[in-house]
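1. What shape does this take:
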Amino acid sequence: MTHNRDNPFIAHLKFRRRLNGQASDKNVQHLIFDVSNGGLSYKCGDSIAVFPKNSESEVVEILRLLKIAHETQVKLPFLGEKISIFSALREYLCVTNLPDQFWKWLGEIETDSDMGSFINDKILRPDPECQVLAKSHSLLEILKKFDGRCKADPNGLVSKLRRLMPRLYSIASSPLANRNEIHIVVGVVSYTNAIGNKRNGIASNYLAHGANIGEGIRVFVVNSTFALPTNAESNIIMVGPGTGIAPFRGFLQERQCVVDKGGKVGESWLFFGDRNHATDFLFGEELQTFKDSGILTNLDLAFSRDQENKIYVQDRIWEHRKELWSWISNGAYVYVCGNASKMAVDVENTLKKIAMKFGNFTEDEANDFFKSLRDDRRYQKDVY
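-> Down below sits the predicted model:
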């Protein structure tokens, strides 16, 4: 049976632990899903899509302010059946990022003059300031703002909210090493939005704090071209700072399994970085074990805040530029996983500088060289 957004698999949360030390200002969680009840397969490099749930306490407060009973039945078109409004708001609908159709609907049905004025004068005007306001208010915040005076029809309300979409996480395990499990790495997100309202990432906070061990969670696997070389004896270079370590943990587990079964694998080089060695060396003991066993040939670390001058993975790459170019020019595969807007750009620019220095390329030739690597699947990125 094929599992997808409309037909998810029910995986059970088996294990959860914080990877950072207590003194860290980051909260990265290692979670394991039990998929032993069959029907879900994956390969190294794939991602898992996880349907989160909204905060239970937030949903309870929304329904209290709306004066709607939890068991009130509503129909969601994409489900084709009636469910309780509590389940609809908890599991299936987004209650933070409110769409234009919601605001227009609320403005049309609302008779309260204060709320009507706020919606029509502060939200629905097309100028940039109003668009920021529209995108910055959650359903609970707008109800609290007007002290629960909104008299929303349950079916009308749920028809105007967006569907709660799944979040993708790179799988941090190998099916050879973890036959009935899928591991992920989740960075817990909290921030203050444009108008000063505190926001918690829906999926990351649900997985880190809201979901109970043993709880069934709707998931499905998303196949990826981000994959180990077909020839296991090919050399690989992996750049994965922070949560970008996830797929490379799976790569190394896979290669360890191949060796344990008498096979041969190529050399592996990992560049990992984060803030502080003492608190943010994610899977540090495991990576050292891979290094000691020879599965991981080179392990280069960049902890940006352990010294006065910040050091990042691209700095370590440049330090080892000559040997790295030797690996690349002799057929190594290059993988980059992590932040798309900054890290991946800086890493690619550094790699191109190395190509220009040791390959005697012009800038255009370096660009063409990396395009050819991409075309040959020798340069792959899993960035977000």
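2. going forward, measure contacts and count neighbours with C-alpha atoms only.
-> Fine.
3. just checking, what packs against the helix or strand containing residue 74?
-> Assigned by DSSP states H and E, residue 74 falls within strand 73-76. Counting contacts by 3 or more Cα pairs under 8 Å, 6 or more residues apart in numbering; DSSP states H and E, strand 73-76 packs against strand 81-84, helix 154-160.
4. rounded to a whole number, what's the mean pLDDT of that strand?
-> Per-residue pLDDT over strand 73-76 has a mean of 96.
5. again with stretch 37-45
-> Averaged over stretch 37-45, pLDDT sits at 89.
6. tell me which element the residue nearest to residue 207 when sequence neighbours are not counted is part of?
-> Spatial nearest neighbour of residue 207, chain neighbours left out: residue 52 (7.5 Å); criterion: Cα to Cα, 6 or more residues apart in numbering. Using DSSP H and E, residue 52 is not contained in any helix or strand.
7. Tally up the residues packed near residue 52, please.
-> Each residue near residue 52 was counted by other Cα atoms under 10 Å, and the total is 24.
8. give the contact list for it.
-> 91, 164-167, 202-203, 206-207, 217 (Cα atoms under 8 Å, 6 or more residues apart in numbering).
9. got it, and residue 103?
-> Going by Cα under 8 Å, 6+ apart, residue 103 touches 119, 123-124, 134.
10. Tell me which of those has the lowest pLDDT.
-> Comparing the contacts of residue 103 by pLDDT, residue 134 comes last, at 73.
11. Nearest residue to it in space, please, no chain neighbours.
-> Closest residue in space to residue 134, ignoring its immediate chain neighbours: residue 123 at 5.3 Å, by Cα to Cα, 6+ apart.
12. cool, residue 380 as well?
-> Residue 380 sits nearest to residue 335 (Cα to Cα, 6+ apart), 4.9 Å away.
13. The one you found should be in a helix, yeah?
-> No - read with DSSP: H, G, I helix; E, B strand; the rest coil, residue 335 is strand and lies in no helix.
14. residues in contact with it?
-> Shown in contact with residue 335 (Cα under 8 Å, 6+ apart): 236-239, 378-382.
15. and the helix or strand containing residue 105, how far from the chain's centre?
-> Element membership for residue 105 (DSSP H and E) is helix 100-109. The chain centroid and the centroid of helix 100-109 are separated by 32 Å under Cα atoms, centre = their mean, to the nearest Å.
16. What residues sit buried inside it?
-> Residues 100, 102-103, 106-107 are the ones in helix 100-109 that count as buried (16 or more other Cα atoms under 10 Å).
17. For the stretch 101-250 of the chain, which segments count as helices?
-> Under the criterion DSSP state H, counting those that start in this stretch, the stretch 101-250 of the chain contains helices at 113-118, 128-136, 139-145, 154-160, 202-205, 246-260.
18. And residue 159, how far from residue 74?
-> Separation of residue 159 from residue 74 (Cα to Cα, to the nearest Å): 9 Å.
19. So the two - more neighbours on which side?
-> More neighbours surround residue 74 than the other of residue 159 and residue 74, with 20 against 17 (other Cα under 10 Å).
20. and the more buried one, what does it touch?
-> Per Cα under 8 Å, 6+ apart, neighbours of residue 74: 82-85, 88, 154-155, 158.
21. which of those residues lies closest to residue 129?
-> The shortest approach to residue 129 among the contacts of residue 74 belongs to residue 158, at 26.5 Å (Cα to Cα).
22. Next, count neighbours for the closest one.
-> Neighbours of residue 158 (other Cα under 10 Å): 23.
23. Am I right that residue 314 sits in a strand?
-> No - using three-state DSSP, the assignment for residue 314 is helix, not a strand.
24. how close does it sit to residue 373?
-> 19 Å.
25. Now, the contacts of residue 335 that are in strands?
-> Of the contacts of residue 335, the ones assigned to strands by DSSP state E are 236-239, 379-382.
26. Look up how far residue 199 lies from residue 86.
-> Residue 86 sits 21 Å away from residue 199, going by Cα to Cα.
27. Who has more neighbours out of the two?
-> Shown here are residue 86 and residue 199; by other Cα under 10 Å, residue 86 has more neighbours (21 against 14).
28. measure that one to residue 293 for me?
-> Distance of residue 86 to residue 293, computed by Cα to Cα: 52 Å.
29. and if you look at residue 313?
-> Here residue 313 is placed at a distance of 23 Å from residue 293 (Cα to Cα).
30. now the stretch 1-150 of the chain, which segments are flagged as low pLDDT?
-> Within the stretch 1-150 of the chain, the ranges that satisfy pLDDT under 70 run 1, 110-113, 148.
31. which ones are touching the nearest residue to residue 377 once chain neighbours are set aside?
-> Using Cα to Cα, 6+ apart and skipping residues adjacent in sequence, the residue nearest residue 377 is residue 333, 7.8 Å away. Neighbour list for residue 333: 229, 234-237, 377-379 [criterion: Cα under 8 Å, 6+ apart].
32. Over to residue 137?
-> Taking Cα under 8 Å, 6+ apart as the test, what residue 137 contacts is 96-98.
33. Please pick the buried ones from the residues you listed.
-> 96, 98.
34. I'd like the list of the contacts of residue 137 that fall within helices, please.
-> Among those, no residue falls in helices (DSSP state H).
35. Name the nearest of the contacts of residue 137 relative to residue 343.
-> Ranked by distance to residue 343 (Cα to Cα), those are led by residue 97 at 27.6 Å.
36. Would you mind confirming that that closest one makes contact with residue 132?
-> No - assessed by Cα atoms under 8 Å, residue 97 is found out of contact with residue 132, at 11.1 Å.
37. Which element is encountered next along the chain beyond the strand ranked longest in the chain?
-> In the chain, taking DSSP E as the definition, the longest strand is strand 9-18. Using DSSP H and E, the next helix or strand after strand 9-18 towards the C-terminus is strand 28-34.
38. contacts for the following helix or strand past that following strand?
-> Following strand 28-34 in sequence order, the next helix or strand is strand 47-50 (DSSP H and E). Among residues not part of strand 47-50, those counted as contacts by Cα under 8 Å, 6+ apart are 166-171, 203, 217-224.
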